[in-house]
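1. Provide a 3D model corresponding to the input given below.
(one chain, ligands or ions: 2)
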Amino acid sequence: MPRCRAARAERYRRRMRDPMKVLVVGGGPAGMSAALHACELGAQVTLLEADQVGGTSLNRGPAPVRTLARAARLARDWGSWTRFGLEGAPPVPNLAALQGNAARVARYAHERKHLAEHLRASGIDLVEGTGVVRFADDHAIQADDGHVWTADRVIIAVGGRAAALPVPGGELASTYDDLLTLKALPEHAVIIGGADTGCQIASILGDFGIRVTVFEATPALLASADPDVSAGMRSAFEARGLTIHTGTLVERLEKHASRITVTYRGPNGSDRVIGDAVFAAIGWPANIETLGLERAGVAAGRGGLVVDEYLRTNVEHIFAAGDVTGHYKLVQTARSEGRIAGRNAVLGPVQRADYEIIPTGSFTDPEYGQVGLTEPAAALNGEVVSAVARYDDLVRPVVDGRPDGFCKLLVDRSHRSVVGAHVLGEYSAEIVQVAAAMMAAGMTIEQIAGLSYAFPTVTEAIGMAAQNICRQLDLGGFPQVWSELDVSQEKTARLP
Ligand SMILES: Cc1cc2nc3c(=O)[nH]c(=O)nc-3n(C[C@H](O)[C@H](O)[C@H](O)COP(=O)(O)OP(=O)(O)OC[C@H]3O[C@@H](n4cnc5c(N)ncnc54)[C@H](O)[C@@H]3O)c2cc1C
Ligand SMILES: NC(=O)c1ccc[n+]([C@@H]2O[C@H](COP(=O)([O-])OP(=O)(O)OC[C@H]3O[C@@H](n4cnc5c(N)ncnc54)[C@H](O)[C@@H]3O)[C@@H](O)[C@H]2O)c1
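-> Ligands and ions are numbered 1, 2, ... in the order given. Predicted coordinates:
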């Protein structure tokens, strides 16, 4: 056996004889992934979860909220029935049934996938319902009932929570979580914060026919998205009758009988609106205040726990993964950080966290998705060529009755590789996932342009945008599409 393989085998045997003890705190996607990987590498792993494994992702956030969003879309689709030659009364939302279905999906991972049993069968000592645990010292974690667990390595994966609204009356605001327990649908909902969560709540309530007003502090909705997606989302929301105030800060909330008065200051000064429910979606701070970090000497910054590229905190045997690091607050990054932290905790610093290709997608109406850089960010790195394929140039979105949307590709001129893809419209997350695979494979734009795309699909938009870029780069052989030929006077002004 070659010498390094023999040494590896010996290290493995040693780990098996005297396994390293690893404590993982938090059982969301980051903690579960960290625990499974550390266990796979031979560590003796204990996973402590305050409540129930699954975390925000399965129990409260994406899974149940997207289920509500799906119901909202079904209600929305009624609006296009007549175009398809269908007749019937509009669907009436039954709030209790909607919430019951969202709860069913939240339970699915537990009842059908047997999440806890799976972790235990993998060899993990899973302790659920610990309540909020904290450091006793840098090798020990304790619960309120006095129980103490010790370990050689600790991985913190406690996630985050919806930020409280820091204005007078802020406690009157609900959060995304309250959608699942509302007693009645409001007539007028006010949403504070116009990023991913705020737009998701606004979109669901808007699709149920509720009057919606959104306040966002920065000049744009979805401020971190590509500017074309931000602008397109605003136009689409406004076209559906939602009222959007950007560059506007909410200053106070006051309760008057069953309604809430919202005082805000925007570009035109101060004003007020009255809502029946107010939802705050103004950020997602890490759950670190109650961790007793000072007893372990672990440093935190504004965004969460401070970690190096190996996901180590300033205390070498304490790692962190997922939302608690404040890097990207997404399930996919939580999972990959968990895997890397689990690996590095057991093997030492062998793998760096890598954030180069992270596809993300929303479930708003319209959906949006992104991978790689936005156009302004890409332009800082070199010369970029961009092209937009409009959904109404494709057959599938027209067949589906959802022809508003676009796919924008950004390509580095010198390497001819994709540096970003941005989609607004149906199936956007699925499309950016394909673009992400192309980026990971290092495909050139002419290879992407020359691929066969199943017909009729929305993913054909990638090929269409790629062909446009090839024409701009004089790579030849790709004819123009009808909207580029400009034979029609009819323009859809909303799209870039
Ligand atoms: C409404 C909404 C929609 C979202 N939609 C998407 C989406 O579509 N796609 C996407 O990628 N991401 C989405 N996210 C983000 C995603 O949910 C998070 O990024 C992801 O859950 C982070 O995983 P995590 O393991 O770091 O934390 P979490 O999933 O929050 O898990 C942390 C766990 O730690 C436990 N815990 C906390 N403190 C302690 C303690 N002191 N002791 C013991 N246990 C503790 C908690 O009970 C929890 O189970 C959404 C979030 C929200 C709110
Ligand atoms: N992929 C998805 O579908 C999805 C969905 C929900 C959340 N998430 C993730 O969860 C994390 C949290 O998202 P989020 O949207 O809850 O928070 P966020 O921090 O991303 O955005 C908060 C928004 O609220 C605005 N804001 C803050 N204070 C305000 C005030 N007083 N008045 C008006 N506006 C104010 C901010 O300018 C910002 O745009 C994000 O990282 C996001 O990626 C993802």
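
2. distance check, the residue nearest to the spatial centre of the chain against Met443.
-> The structure's the chain has its C-alpha centroid closest to Leu330; by C-alpha atoms, centre = their mean the separation is 4.3 Å. Counting by C-beta to C-beta, to the nearest Å, the gap from Leu330 to Met443 is 24 Å. The C-beta positions use only the backbone N, C-alpha and C, and glycine is treated the same way.

3. again, but for Ile358
-> Distance, Ile358 to Met443, by C-beta to C-beta: 18 Å.

4. quick one: the strands in the stretch 101-250 of the chain, in order.
-> With strands called from DSSP state E, counting those that start in this stretch, the stretch 101-250 of the chain shows them at 125-128, 134-137, 140-142, 148-150, 153-156, 188-192, 211-215, 243-245, 249-256.

5. let me have the ones you listed in a markdown table, extended by distance to Ala103.
-> Shown next, in a markdown table, are the strands of the stretch 101-250 of the chain (distance: least, C-beta to C-beta, whole Å):
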| stretch | distance to Ala103 |
| --- | --- |
| strand 125-128 | 18 |
| strand 134-137 | 30 |
| strand 140-142 | 31 |
| strand 148-150 | 31 |
| strand 153-156 | 29 |
| strand 188-192 | 21 |
| strand 211-215 | 24 |
| strand 243-245 | 31 |
| strand 249-256 | 28 |
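
6. ligand 1: which of those strands is closest?
-> strand 134-137 (6.4 Å; C-beta to the nearest ligand atom).

7. how far does the closest one sit from its chain's centre?
-> Its chain's C-alpha centre and that of strand 134-137 lie 31 Å apart, by C-alpha atoms, centre = their mean, to the nearest Å.

8. rewinding a little: grab the nearest non-local neighbour of the residue nearest to the centre of the chain.
-> Leaving aside its chain neighbours, Leu330 sits nearest to Thr360 (5.9 Å; criterion: C-beta to C-beta, 6 or more residues apart in numbering).

9. what's the answer for Leu221, then?
-> Here the nearest residue to Leu221 in space, its sequence neighbours aside, is Gly194; by C-beta to C-beta, 6+ apart that works out to 4.3 Å.

10. also Val298?
-> Closest to Val298 by C-beta to C-beta, 6+ apart is Thr313, at 4.9 Å.

11. next one, pLDDT for the residue of the stretch 301-450 of the chain found nearest ligand 2 please.
-> Per C-beta to the nearest ligand atom, Lys329 is where the stretch 301-450 of the chain lies closest to ligand 2, at 3.2 Å. Note on Lys329: pLDDT of 95.

12. quick check: it touching Asp323?
-> Yes - with contacts counted by C-beta atoms under 8 Å, Lys329 reaches Asp323, the gap being 4.7 Å.

13. overlap in contacts of the two?
-> Common neighbours of Lys329 and Asp323, counting by C-beta atoms under 8 Å, 6 or more residues apart in numbering, are Gly160, Trp284.

14. and the gap between Ala43 and ligand 2?
-> Here the criterion is C-beta to the nearest ligand atom, to the nearest Å. By it, Ala43 lies 30 Å from ligand 2.

15. ok, the residue nearest to Tyr427 when sequence neighbours are not counted - contacts?
-> Nearest non-adjacent residue to Tyr427, counting by C-beta to C-beta, 6+ apart: Val458, 4.6 Å away. Contacts for Val458 were tallied using C-beta under 8 Å, 6+ apart; they are Tyr391, Leu394, Arg396, Pro397, Gly405, Gly425, Glu426, Tyr427, Glu430, Ile431.

16. rerun at 7 Å
-> Val458 is in contact with Leu394, Arg396, Pro397, Glu426, Tyr427, Ile431, counting by C-beta atoms under 7 Å, 6 or more residues apart in numbering.

17. how about Thr313?
-> Contacts of Thr313 were listed using C-beta under 7 Å, 6+ apart, and they are Val298, Ala299, Leu305, Val306, Val307, Phe319, Ala320.

18. mind running it again at 6 Å?
-> Val298, Leu305, Val307, Ala320 (C-beta atoms under 6 Å, 6 or more residues apart in numbering).

19. okay, the contacts of Val458 in TSV with neighbour count, distance to ligand 2 and pLDDT next?
-> Converted to TSV, those look like this (neighbours: other C-beta atoms under 10 Å; distance: C-beta to the nearest ligand atom, whole Å; pLDDT from 0 to 100):
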residue	neighbour count	distance to ligand 2	pLDDT
Leu394	25	24	95
Arg396	19	23	96
Pro397	23	21	96
Glu426	21	15	95
Tyr427	23	14	96
Ile431	28	15	97
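
20. ok, how many other residues are close to Gly348?
-> Neighbours of Gly348 under the rule other C-beta atoms under 10 Å: 11.

21. gap between it and Ser33?
-> Distance from Gly348 to Ser33, by C-beta to C-beta: 19 Å.

22. now swap in Tyr453 and tell me
-> Counting by C-beta to C-beta, the gap from Tyr453 to Ser33 is 33 Å.

23. swap in Val399?
-> Separation of Val399 from Ser33 (C-beta to C-beta): 39 Å.

24. neighbour count for those two, which is higher?
-> Taking other C-beta under 10 Å, Val399 and Ser33 do not tie; Ser33 has more neighbours (25 against 10).

25. is it true that the more buried one touches Gly338?
-> Yes - assessed by C-beta atoms under 6 Å, Ser33 is found in contact with Gly338 at 3.1 Å.

26. what's the neighbour count on Arg252?
-> Using other C-beta under 10 Å, Arg252 has 15 other residues around it.

27. same check, this time on Arg83
-> 8.

28. check what pLDDT it gets.
-> Reading off the model, Arg83 has pLDDT 94.

29. what's near enough to touch it?
-> Gly401.

30. look up how far ligand 1 lies from it.
-> Taking C-beta to the nearest ligand atom, one finds Arg83 at 29 Å from ligand 1.

31. also Arg161?
-> Between Arg161 and ligand 1 the computed distance is 8 Å (C-beta to the nearest ligand atom).
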